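J.: pasting the sequence and the predicted model now:
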Amino acid sequence: MIDKTIDMIYNKVLAKIVILIGFVMILTILLQISARSFLPQSFSWTEELARLSFVWFCLLGSVMTLTNKMHLGVEYFYEKFNITLKKMTDCFIFLFIAFFGAILCYYGFLLVLNGWDQLTPVLRIPRSYFYMPMPIIGGLFFIYSLYQLSLSLRKNQSEKVSERR
């Protein structure tokens, strides 16, 4: 039950959010290009909105690459490992990603707290909206990597039990 909920949140909900943000980013850029080409003066707010949506798009997209196991890997060497070394490598990677996520969450949260007083020049919104993806992404990395680590350890335990029989 929990596995399906986590997969649904990470795959379906996150994918829809990333698609929506990507659509906003493309629409904003097209509006800026059109205004520059056909109007005497372009919109001043489109560059900041495109930059904000780009930050959110990239960072949320990085969580999707993690959940779909599309992150950078060195498959050539990994495939040469024996099964025990592969399992140890997977555990190390998930622990490292969890550690990275915790650091990103902590320091991103500090950045968000410090950014509320700084306003962007055109939109006049707090800079914290640019920093906010960092703690969110860090938290998502942390949760998902611990979830994958627990699945890996449970899989290892069930394999050990089946080997004894």
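T.: Sure, I can see it.
J.: when you work out contacts or count neighbours from here on, use the C-alpha atoms and nothing else.
T.: Fine.
J.: show me where the chain has its helices.
T.: Secondary structure of the chain (DSSP state H): helices at 2-7, 14-38, 46-67, 75-80, 83-115, 128-131, 133-164.
J.: the third one vs helix 83-115, what angle?
T.: For helix 46-67 against helix 83-115, the angle between stretch directions is 150 degrees (axes from the mean of the first three to the mean of the last three Cα atoms, to 10 degrees).
J.: helix 46-67 packs against which elements?
T.: helix 14-38, helix 128-131, helix 133-164 (3 or more Cα pairs under 8 Å, 6 or more residues apart in numbering; DSSP states H and E).
J.: how far away from the center of its chain is it?
T.: 9 Å (Cα atoms, centre = their mean, to the nearest Å).
J.: next: the second one.
T.: Here helix 14-38 shows a centroid-to-chain-centroid distance of 20 Å under the convention Cα atoms, centre = their mean.
J.: which secondary structure elements does that helix contact?
T.: On a contact count with 3+ Cα pairs under 8 Å, 6+ apart, helix 14-38 meets helix 46-67.
J.: for the helix it packs on, list the C-alpha coordinates in CSV.
T.: Output in CSV follows, covering the C-alpha atoms of helix 46-67 (Å, rounded to 0.1, in the frame of the first residue of the first chain):
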residue,chain,number,x,y,z
THR,A,46,8.6,37.3,-18.8
GLU,A,47,12.4,36.8,-18.3
GLU,A,48,12.0,36.4,-14.5
LEU,A,49,9.0,34.1,-14.8
ALA,A,50,10.9,32.0,-17.3
ARG,A,51,13.9,31.8,-15.1
LEU,A,52,11.8,30.9,-12.1
SER,A,53,10.0,28.2,-14.0
PHE,A,54,13.3,26.9,-15.4
VAL,A,55,14.7,26.4,-11.9
TRP,A,56,11.6,24.5,-10.7
PHE,A,57,11.5,22.5,-13.9
CYS,A,58,15.1,21.4,-13.7
LEU,A,59,15.1,20.5,-10.0
LEU,A,60,11.8,18.7,-10.0
GLY,A,61,13.0,16.9,-13.2
SER,A,62,16.0,15.7,-11.3
VAL,A,63,13.8,14.0,-8.8
MET,A,64,12.0,12.3,-11.7
THR,A,65,15.3,11.1,-13.2
LEU,A,66,16.1,9.6,-9.8
THR,A,67,12.8,7.8,-9.5
